[in-house]
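# Model the following, please.
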Amino acid sequence: MLGPQASVPIGGHKLPPLPYGYAALEPIIDRETLEIHHNKHHKAYVDGLNKAEIALMISRESGDYAYIKFWEKELAFNGAGHILHSIYWTIMAPLDAGGSPRCETQLMIDSYFGSLGAFKAQFSEAAKTVEGSGWGVLIYNLAFGRLEILQCEKHQNLTQWSGPPVLVCDVWEHAYYLKYQNRRPDYVDAWWRLVNWYEVERRVLLAKAGRLPLFMT
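The predicted structure is shown next:
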């Protein structure tokens, strides 16, 4: 995915490489899960997004919008999946390598949530209790000038997000089931040891400066 000045050609989205090897997040996320998640599930979102974009381009050229509802839904579902997964990979790092919350992130957490412990407890519960599949999402709320935690049950419903995500946790079953089966809370609790707080800080600072587009990776 590209920065704010670049433009992806229609149907030209590509699966981004991971910033680490498939075994790098063990023992929290096993190699097999990560490889399937990235190379199968995320790739399917990329392929679906490209297909939807091309189909809509053909509709514009032909003036035939008979399947507009189908392709708009495909565009939203696959586009959101591609965007969120691209962020998810970057905000993780090998076990305990991501440090602790950096200066601005910590200040903003303390200001609104009261403490890191309170923030992590709320975020964890939000992620654990998403109905069905979805995401726990921390955004920088542009309207309120603060961080805010959201539950994302259907990631294609983008209207609830009033700011760019700075931290996301994937709680679709494919993110954890091979290792944790139905124990989503165990996965979420362990996942904190993978958070790359340096990357979170970068995203927070860019968001505060108005330089982080809604879904820039």
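# wait, what's in contact with the residue minimising distance to the centre of the chain?
The central residue of the chain, meaning the one whose C-alpha is nearest the mean C-alpha position (CA atoms, centre = their mean), is L84 at 2.7 Å. The contact partners of L84, taken as CB atoms under 8 Å, 6 or more residues apart in numbering, are 135, 137, 152, 155, 165, 168, 170, 215. (Each C-beta comes from the backbone N, C-alpha and C, glycine too.)
# Which pair in those has the greatest spatial separation?
Greatest spatial distance in these: D170 and F215, 14.9 Å, computed using CB to CB.
# Between these two, which has more neighbouring residues?
D170 (27 against 17; other CB atoms under 10 Å).
# what about the nearest residue to that one once chain neighbours are set aside, how many neighbours?
In space, not counting the residues next to it along the chain, D170 is nearest to Y88; the distance is 5.2 Å by CB to CB, 6 or more residues apart in numbering. Neighbour count of Y88, defined by other CB under 10 Å: 20.
# still on that earlier bit, let's see the helix or strand harbouring the residue nearest to the centre of the chain as CSV, backbone CA atoms only.
Using DSSP states H and E, L84 sits within helix 68-90. Backbone C-alpha positions of helix 68-90 (Å, rounded to 0.1, in the frame of the first residue of the first chain) are rendered in CSV as follows:
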residue,chain,number,x,y,z
ILE,A,68,-23.4,-2.5,-8.8
LYS,A,69,-24.6,-3.7,-5.3
PHE,A,70,-22.6,-6.9,-5.5
TRP,A,71,-19.4,-5.2,-6.7
GLU,A,72,-19.6,-2.3,-4.2
LYS,A,73,-20.0,-4.8,-1.4
GLU,A,74,-17.0,-6.8,-2.7
LEU,A,75,-15.0,-3.5,-3.0
ALA,A,76,-15.8,-2.6,0.6
PHE,A,77,-15.2,-6.0,2.1
ASN,A,78,-12.0,-6.8,0.4
GLY,A,79,-10.6,-3.3,0.5
ALA,A,80,-11.1,-3.1,4.3
GLY,A,81,-9.6,-6.5,4.8
HIS,A,82,-6.5,-5.5,2.7
ILE,A,83,-6.1,-2.2,4.6
LEU,A,84,-6.5,-3.7,8.1
HIS,A,85,-4.2,-6.6,7.5
SER,A,86,-1.5,-4.4,6.1
ILE,A,87,-1.6,-2.4,9.3
TYR,A,88,-1.8,-5.5,11.5
TRP,A,89,1.5,-6.9,10.1
THR,A,90,3.4,-3.7,10.8
